[in-house]
Structure formats: C-alpha cells, structure tokens
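**Q** Just the structure for this:
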Amino acid sequence: MGVSKGDPCWRLEDFDYTLPRERIAQTPAEPRDAARLLVSHPHGMEDRIFQDLVTCLQPGDLLVQNDTQVLPARLVGRRVSGGRVEILLLRPETSPGTWQALLGANKPIRPGWRIEIAPEFQVEVLERLPGCFRVHLETPGEIMTTLARHGQIPLPPYIASAGQEIDRLRYQTMFASQPGAVAAPTAGLHFTMALLARLEKSGIGVVRLTLHVGPGTFQPVRVRDLRQHVMHREWCQLPPAVVERIQATRARGGRVIAVGTTTVRTLESAVDERGELRPFTGETALFILPGFRFRVVDAMITNFHLPRSTLLMLVAAFVGKTRLERIYAHAIAQGYRFYSYGDACLLFPETTSQT
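**A** Residues are numbered from 1 along each chain as shown. All right, here's what the predicted structure looks like:
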C-alpha cells in the first residue's frame with residue numbers, strides 16, 4: 001500500500017497489499033468475543049481481545065450497531081429441462097413473491113425459465129434487469145419460512161466452509177432483527193449478549209440502525225482512478241430515537257462509536273447540507289475516500305478488509321493512509337485473522353468529528 005508524498009490516494013493500486021493465505025479466517029472465534037482486538041490510537045497500538053472492549057471505551061460513549069439480518073438468500077435448483085442454476089436473492093419488490101436476483105447457469109439465462117428448488121418451491125425468471133433478473137418465487141407457504149427451509153446463507157467466496165449449518169448462526173449477529181441483507185455486518189459478529197450487558201452496566205450506551213448489506217460489498221473495484229467508481233446502493237434506516245441518543249451523547253461530551261463500515265456509511269449519509277444529523281430512510285451510495293470529512297463518527301470498530309476494497313478505502317479515510325499501512329503490517333506480523341470471520345480493530349482518528 002505504498003503512496004507518494006502528496007498523492008491524494010485516488011489510485012486503485014494504492015490500496016493493495018499482500019496477505020498470506022493462512023491469515024484468511026475460515027471459522028469464527030469461539031466464543032464470539034474471544035476474537036482478537038487491535039486498538040489503534042494516533043500514537044500507538046495495543047493487542048487486546050474483544051472482551052476488553054469495555055475497558056477501551058469510556059462511560060458516556062455510545063455504540064451504534066447495524067441490526068440487519070442475513071437472509072438465507074442462496075438457492076440451488078434445476079431447470080425443469082435439466083441444468084443446475086444458482087440464485088442469489090437481492091431484494092423483494094412490491095408485488096408479492098417478486099424479487100430481484102442474480103442467477104448463474106452453464107448457459108445464457110432467459111425469461112420464462114422455471115427452476116425447481118424443491119417439489120413445492122419453484123422460481124420463474126420474469127425478465128432481465130440492469131445487472132440482475134426479476135424472478136417470482138412460487139410456494140404455497142410463507143416465503144420467509146420457505147427460504148429458511150431451502151435457502152442457504154450466502155457466505156463470501158473466500159470462506160471454504162460455505163453451506164455448513166453452523167454458518168446460519170455464526171454468520172449472523174446476535175442482535176440481528178431486520179431481515180434483508182445478503183452479507184453480514186461483520187464487525188457486529190464479535191458481540192455476545194454478556195458483553196453487551198457489561199458495556200451497558202459500565203455506562204456505555206448501545207443503539208441500532210439498519211443497513212441491508214448488498215452483494216456489491218463483494219464486487220471488486222474495476223477502475224484505476226477511484227473518482228470514476230460507481231458505488232453500489234443499499235437501503236438503510238436511521239430512526240429518530242437513535243438520532244436523539246447521538247445528539248444527547250454529543251451534548252454530554254461522549255463519543256459515537258460506529259460498529260462496522262455499514263454503520264459509518266449510514267450515519268454519514270444522514271448528515272444534511274448544514275452538517276446536522278437527521279433521521280433517514282432510503283438508499284445510500286456514499287463512497288468514502290481519503291479526504292472525506294467525518295461529521296458523526298468519533299471511533300469505529302471494524303474487521304480487516306480485502307485489498308482494493310471500498311471498505312479498506314473507508315478505513316484509510318478515517319485513520320489516514322500511512323497509519324492504515326502500519327495497522328495492517330502489525331496485524332499480519334502478529335498473526336491476526338482477516339476478513340469476515342476474522343479479528344477486529346478499534347480505530348481512533350487523529351482528531352474526532354466533534355473538533
């Protein structure tokens with residue numbers, strides 16, 4: 001991740017690094033909060049475990065989590081005439097049973113295809129859309145019940161254990177309550193209910209918003225000049241009650257700690273033209289690069305991200321490119337585990353968004 005002095009970090013290659021394959025976590029820590037935690041301040045780093053989070057924060061701080069729930073959105077079936085088809089459901093549409101989806105097969109996909117997932121569960125391809133398809137799910141029961149029975153959790157491609165039953169539990173935060181994601185907000189995977197109770201007992205507040213993580217989180221950036229990248233859109237909601245808690249925290253001098261990049265993007269998307277945080281419901285396509293001015297987030301918890309990913313670019317914007325390089329070099333040298341099932345870091349910027 002080298003960069004020349006004065007470079008504005010708009011080149012894709014500036015966000016590359018080499019990760020030994022054995023550093024890619026294939027299974028989560030057990031228990032969840034036994035994962036390692038790299039704490040990075042402006043002037044140093046500490047190697048901790050996630051259970052130590054209580055002592056890393058202060059009474060009066062406020063944790064903001066993403067309560068999205070990962071859908072069992074991966075379906076595998078066969079065409080009536082034969083041929084395996086994989087389906088990744090993206091989002092439901094207003095018409096009952098109609099969804100947007102990604103499809104994969106060994107021949108070009110055409111509207112009119114009927115795909116059997118199970119004897120009582122079929123999918124019809126209605127039409128091609130930009131970047132995906134519109135499909136109709138045909139089942140006599142409730143769709144969510146049918147998906148729970150026949151669908152799989154869509155794990156990232158770098159996890160070889162895809163499809164194991166344990167992933168239904170572990171690739172899901174313990175506080176997930178709003179179904180709609182096709183990927184987990186992975187920074188939240190480390191929290192146990194016992195840790196949350198300890199945090200609140202210590203005077204550290206916890207609130208939740210929603211961002212339904214879409215498949216775009218796995219899509220590579222394909223342009224060398226990052227200013228030309230078109231960010232994927234994701235639905236999010238910041239409730240009025242959460243805005244009030246954040247404002248009250250700020251008024252008392254507390255810090256806002258975002259749990260995950262999805263939470264960061266939701267909070268920063270909800271800032272109006274006057275720089276004030278407002279309740280928000282809608283889609284965000286916010287792409288955060290170095291040079292971005294953070295208005296809400298004072299610190300963040302996040303996992304270690306893929307090279308050349310928009311998530312890594314967001315972290316670089318938060319702590320600075322040079323510090324990011326030091327953090328990742330330290331994590332690799334000290335044997336931290338990377339990506340979705342990996343370890344976490346707690347990042348404090350050079351200055352908080354309140355200054």
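**Q** Give me the pLDDT value at the residue lying closest to residue 66 once chain neighbours are set aside.
**A** In this structure, residue 66 finds its nearest non-sequential neighbour in residue 185, 4.0 Å apart by C-beta to C-beta, 6 or more residues apart in numbering. Using the backbone N, CA and C atoms, a C-beta is placed for each residue, glycine as well. pLDDT recorded at residue 185 is 98.
**Q** Torsion angles phi and psi at residue 185?
**A** Dihedral pair for residue 185: phi -80, psi 90, per degrees, to the nearest 10.
**Q** you'd agree it is up against residue 259?
**A** Yes. Residue 185 is within contact range of residue 259, at 7.5 Å (criterion: C-beta atoms under 8 Å).
**Q** neighbour count winner among the two?
**A** With neighbours defined as other C-beta atoms under 10 Å, residue 185 and residue 259 compare such that residue 185 has more, 28 against 25.
**Q** who's in contact with the more buried one?
**A** The neighbourhood of residue 185, defined by C-beta atoms under 8 Å, 6 or more residues apart in numbering, consists of 65, 66, 68, 173, 211, 213, 259, 260, 262, 263.
**Q** next one: residue 66
**A** 173, 185, 188, 208-211, 213, 259-260, 262-263, 266.
**Q** one more time with 6 Å
**A** Residues counted as contacts of residue 66 (C-beta atoms under 6 Å, 6 or more residues apart in numbering) are 185, 211, 260, 262, 263.
**Q** Number of residues surrounding the last one?
**A** Just to be clear, that refers to residue 263. Neighbour tally, residue 263, other C-beta under 10 Å: 30.
**Q** Give me the domain ranges for the chain.
**A** 12-70+168-347, 74-150 (automatic domain parsing).
**Q** hmm, who's touching the helix-or-strand element of the chain with minimal mean pLDDT?
**A** Every helix and strand in the chain was compared by mean pLDDT, DSSP states H and E; the lowest is helix 167-170, with a mean of 91. Helix 167-170 has contacts (C-beta under 6 Å, 6+ apart) with 28, 153, 155.
**Q** tell me the mean pLDDT over the helix or strand following it?
**A** Going down the chain from helix 167-170, the next helix or strand is strand 178-181, by DSSP states H and E. In this model, strand 178-181 carries a mean pLDDT of 96.
**Q** Please name the spatially closest residue to residue 320 (chain neighbours excluded).
**A** residue 350 (6.7 Å).
**Q** Residue 318 now?
**A** Residue 318 sits nearest to residue 349 (C-beta to C-beta, 6+ apart), 5.6 Å away.
**Q** State the helix or strand in which that neighbour lies.
**A** Using DSSP H and E, no helix or strand contains residue 349.
**Q** rewinding a little: export the contacts of residue 66 to CSV and append columns for secondary structure and distance to residue 112.
**A** Shown next, in CSV, are the contacts of residue 66 (DSSP: H, G, I helix; E, B strand; the rest coil; distance: C-beta to C-beta, whole Å):
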residue, secondary structure, distance to residue 112
185, coil, 37
211, strand, 35
260, coil, 40
262, helix, 36
263, helix, 41
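**Q** follow-up on the earlier one: check which residues of the least confident helix or strand of the chain are buried.
**A** In terms of neighbour count (16 or more other C-beta atoms under 10 Å), helix 167-170 has its buried residues at 167, 170.
**Q** Please apply the same query to stretch 243-261.
**A** For stretch 243-261, by 16+ other C-beta under 10 Å, it's 243, 245-246, 249-250, 254-261.
**Q** again with stretch 52-67
**A** 52, 53, 56, 57, 61, 62, 63, 64, 65, 66, 67.
**Q** which of those residues lies closest to residue 309?
**A** Lowest distance from residue 309 to the buried residues of stretch 52-67 (C-beta to C-beta) belongs to residue 66, with 17.6 Å.
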